[in-house]
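Novice: fold the following for me, if possible:
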Amino acid sequence: MKRKALLMVLSAKVKNNLLLVLEKLTLEKPKTKLMAEVFKNLQIKGSSLVILPGLEKDVIRAARNIPKTATVEARNLNALDLLSFKYLVMPKEAIKVIKETFL
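Specialist: Residues are numbered from 1 along each chain as shown. Sure, this is the predicted structure:
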């Protein structure tokens, strides 16, 4: 049941164009300013959840000081996290982890 709810929320985000898939999500340095610039380029206005394929400390450090932004590993996703944020941002590798974990 939990898996079905998670997949329903993901499909709703895709349907409403609230899921942003990036080729890669890497930063030169773990700086909040660099992560804020990425969000500005993506034109994200509102809360956002960054879904990571693994433990990427640089991205986590850069995103933690941005208001209304959180990070989570793809294997730890749940429907409540997805519903709590307007936008979902993830690199392509995270999709593979979601497929392996939940399908």
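
Novice: helix or strand next in line after the longest helix that the chain contains, which one?
Specialist: Counting by DSSP state H, the longest helix found in the chain is helix 2-15. Using DSSP states H and E, the helix or strand that follows helix 2-15 in sequence is strand 19-22.

Novice: which helices and strands sit right next to that following strand?
Specialist: The contact analysis (3 or more Cβ pairs under 8 Å, 6 or more residues apart in numbering; DSSP states H and E) places strand 19-22 against strand 87-91, helix 92-102. In this view, the C-beta of every residue, glycine as well, is placed from N, C-alpha and C.

Novice: hmm, back to that, packing partners for the longest helix of the chain?
Specialist: Looks like helix 2-15 contacts helix 79-84, helix 92-102 (3+ Cβ pairs under 8 Å, 6+ apart).

Novice: turn the helices and strands packed on strand 19-22 into CSV, columns for mean neighbour count.
Specialist: Formatted as CSV, the helices and strands packed on strand 19-22 follow (neighbours: other Cβ atoms under 10 Å):
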stretch, mean neighbour count
strand 87-91, 22
helix 92-102, 15
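
Novice: turn those into JSON lines, columns for mean pLDDT and distance to L55.
Specialist: Output for the helices and strands packed on strand 19-22, formatted as JSON lines (pLDDT from 0 to 100; distance: least, Cβ to Cβ, whole Å):
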{"stretch": "strand 87-91", "mean pLDDT": "97", "distance to L55": "14"}
{"stretch": "helix 92-102", "mean pLDDT": "94", "distance to L55": "12"}
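
Novice: cool, thanks, talk later.
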